[in-house]
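Colleague: Predicted coordinates and the sequence they were generated for:
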Amino acid sequence: MKKLLKLLTQATVPALGVFLLIALVAWQLPHSRAAEPENTYQHLETFVNVLHLIQQSHVDEVDIETAIQGAIRGMLNSLDPHSSFLPADDFKELQMETKGIFTGIGIEISMRDRVLIVVSPIESTPAYKQGLQAGDRILRIDGESTQDISLMEAVSKLRGPKGSEVIVGIHREGWQEIRDITIVRDLIPIHSVKARLLEPGYAHIRISNFQAKTTGDFQAAFNDLQNEGEIKGLILDLRNNPGGLLSQAVQIADLFLDQGVIVSTRGRIREQNMLFEARTADDLVYRFPIVVLVNKGSASASEIVAGALRDNRRAIIIGTPTFGKGSVQTIIPLEDGAGLRLTTARYYTPSGVAIQAQGIIPDVEVHNEKVRHDQESVHPPSRVIKEQKKNDNDLAEELAQDRQLQTALMLLKGINVFDSDRPVSQ
């Protein structure tokens, strides 16, 4: 393949010769690829002929590598909003992001009907502080329309050096016109777990996204809360959680399940058809009632957790319908340091419902005028607990404004009252 790319960059290579070389390479690919219809090679010949004509006759001298990368981007953009080509720098940045840090404005974005959509702002980041919300449409970036932009091009434009500015043109439901918002980029460290006690025995643990250390951080935070006394119920807050690593979503769900399916994936090739099941638990640590909070900013991995706990009758879902991002992207490294982000499968809940474009419908639908989260930096759980004890008035105010959180707490307390009154069989 390297030899093929070298030949494509040589201006003197005849188009037919390049086509024959492509056909030879394709013949040597695995059987499933070689068995594709013969007209595939006719289309490849057309592509090479066009490339040759551009190289020979365009008014400006054409950089062939740039032209080929543009063709690859266009091909991937025609598939779905989430497949994309990652140049070497972008691929490195993606690897950094999964480890929990990057530089930008702090939002997760997606495409719907070719419109750039904010899935969720990340708490305490520049975008969050400037008021960006889940569902906002980004119609301009630095004055340029996003109408024909790819997802990864948008990401590249929004990210940049710490301290630099970017102007995003936002339109929100109910607004009459686009509003330009200037945001100063910053380092975005992702602290994925935030824990506190709302009342003695009732824990509120928020997961802002699923990173490599999320499950370990969750267990550490829970242990710290448990040191304050027995946990009678948990509110697992996945609102504005745009997703992250599938492995971490599976591990979080597995903490609360003894058996049953967590999630399945289905694709065109056998390797993408996977079934993730709960492992038999050896302890009784997580046996309390659970309420999961979701909203339209909950996507992907957070939808997997919510769907798994609801379908296995382990939790009640409260909030508003989730985003509906249920496709699997496989990251494939390429030889030159670049990468391919390719949609290879879709997620299905244990009951067999596709998450893509459907989302998770709550058991109890509760709307907030404005979801209010603690704006402070994330502290170690023990410090959060100590501060929480000193701020009962602030908590009362928060519960008054956050109807979803208030409903979840009331429901958990009601479940415990019901269970305590239930007759015990002798």
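Modeller: Received the coordinates, thanks. The model shown is predicted, which means the values in this text are computed figures rather than measured ones.

Colleague: looking at the sheet around the residue lying closest to Pro333 once chain neighbours are set aside, what are its partners?
Modeller: Nearest residue to Pro333, sequence neighbours excluded (C-beta to C-beta, 6 or more residues apart in numbering): Gly339, at 5.3 Å. Glycine gets a C-beta too; all of them are placed from N, C-alpha and C. Legend: beta-bridge partners of Gly339 under DSSP bridges are Leu86, Pro333.

Colleague: Gly339 touches Met152, doesn't it?
Modeller: No - Gly339 is beyond contact range of Met152, at 10.4 Å (criterion: C-beta atoms under 8 Å).

Colleague: got any ranges where the stretch 101-250 of the chain has weak pLDDT?
Modeller: Counting by pLDDT under 70, the ranges of the stretch 101-250 of the chain that qualify are 101, 190.

Colleague: which residues in it form strands?
Modeller: Remark: strands assigned in the stretch 101-250 of the chain by DSSP state E, counting those that start in this stretch are 101-104, 107-112, 115-121, 137-141, 144-145, 165-171, 179-184, 186-189, 193-199, 202-207, 233-237.

Colleague: nearest to Ser302, of the ones you listed?
Modeller: Closest approach to Ser302 among the strands of the stretch 101-250 of the chain is made by strand 202-207 (7.3 Å; C-beta to C-beta).

Colleague: Give me the sheet partners of that closest one and which way each runs.
Modeller: Applying DSSP bridges to the sheet, strand 202-207 is found paired with strand 193-199 (antiparallel), strand 233-237 (parallel).

Colleague: Now for Gly339 and Met152: what residues contact both?
Modeller: Residues touching both Gly339 and Met152 by C-beta atoms under 8 Å, 6 or more residues apart in numbering: Phe85, Leu86, Asp90.

Colleague: And the host helix or strand of Ala306, what's buried?
Modeller: If you go by DSSP states H and E, Ala306 is part of helix 301-311. In terms of neighbour count (16 or more other C-beta atoms under 10 Å), helix 301-311 has its buried residues at Ala301, Ser302, Glu303, Ile304, Val305, Ala306, Gly307, Ala308, Leu309, Arg310, Asp311.

Colleague: Name the residue closest to the centre of the chain, please.
Modeller: Residue closest to the average C-alpha location in the chain (C-alpha atoms, centre = their mean): Gly243, at 3.3 Å.

Colleague: what's around the closest residue to it other than its chain neighbours, how many residues?
Modeller: Closest residue to Gly243 in three dimensions, ignoring its sequence neighbours and counting by C-beta to C-beta, 6+ apart: Ser300, at 2.7 Å. A count of neighbours around Ser300, defined by other C-beta atoms under 10 Å, yields 30.

Colleague: Pipe the strands paired with strand 202-207 into CSV and attach distance to Ile105 and mean neighbour count per row.
Modeller: Output for the strands paired with strand 202-207, formatted as CSV (distance: least, C-beta to C-beta, whole Å; neighbours: other C-beta atoms under 10 Å):
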stretch, distance to Ile105, mean neighbour count
strand 193-199, 20, 21
strand 233-237, 23, 24
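
Colleague: Any chance of TSV for those strands, columns distance to Ile290?
Modeller: Below are the strands paired with strand 202-207 laid out as TSV (distance: least, C-beta to C-beta, whole Å):
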stretch	distance to Ile290
strand 193-199	14
strand 233-237	5
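
Colleague: Leaving out the residues flanking it, which one is nearest to His367?
Modeller: Counting by C-beta to C-beta, 6+ apart, His367 lies nearest to Thr320, which is 6.0 Å off, once chain neighbours are set aside.

Colleague: Can you give me every residue that contacts that neighbour?
Modeller: Taking C-beta under 8 Å, 6+ apart, we find Thr320 in contact with Val294, Asn295, Lys296, Pro362, Glu365, Val366, His367.

Colleague: Next: Tyr347.
Modeller: With contact taken as C-beta under 8 Å, 6+ apart, Tyr347 is in contact with Val263, Ser264, Thr265, Ser300, Glu303, Ile304, Gly326, Ser327, Val328, Ala354, Ile355, Gln356.

Colleague: Dig out what it forms beta bridges with.
Modeller: Note on Tyr347: beta-bridge partners by DSSP bridges are Thr265.

Colleague: quick one: pLDDT of it?
Modeller: Per-residue pLDDT puts Tyr347 at 94.

Colleague: How about Leu94?
Modeller: Predicted confidence (pLDDT) for Leu94: 70.

Colleague: Begin at 36 from now on, thanks
Modeller: Yep, numbering from 36; the last one is Leu129 now.

Colleague: Now it: which helix or strand?
Modeller: Using DSSP H and E, the element containing Leu129 is helix 123-134.

Colleague: Likewise for Leu430?
Modeller: Using DSSP H and E, Leu430 falls within helix 427-436.

Colleague: what angle separates that helix from strand 228-234?
Modeller: Interaxial angle of helix 427-436 relative to strand 228-234 (axes from the mean of the first three to the mean of the last three C-alpha atoms, to 10 degrees): 100 degrees.

Colleague: export helix 427-436 as CSV, just CAs?
Modeller: Extracted in CSV, the C-alpha atoms of helix 427-436 (Å, rounded to 0.1, in the frame of the first residue of the first chain):
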residue,chain,number,x,y,z
ASP,A,427,-27.1,22.4,53.9
ASN,A,428,-28.7,25.7,52.8
ASP,A,429,-27.0,25.5,49.4
LEU,A,430,-28.2,21.9,49.0
ALA,A,431,-31.8,22.8,49.8
GLU,A,432,-31.6,25.6,47.2
GLU,A,433,-30.1,23.2,44.6
LEU,A,434,-32.8,20.6,45.2
ALA,A,435,-35.5,23.3,44.9
GLN,A,436,-34.1,24.3,41.4
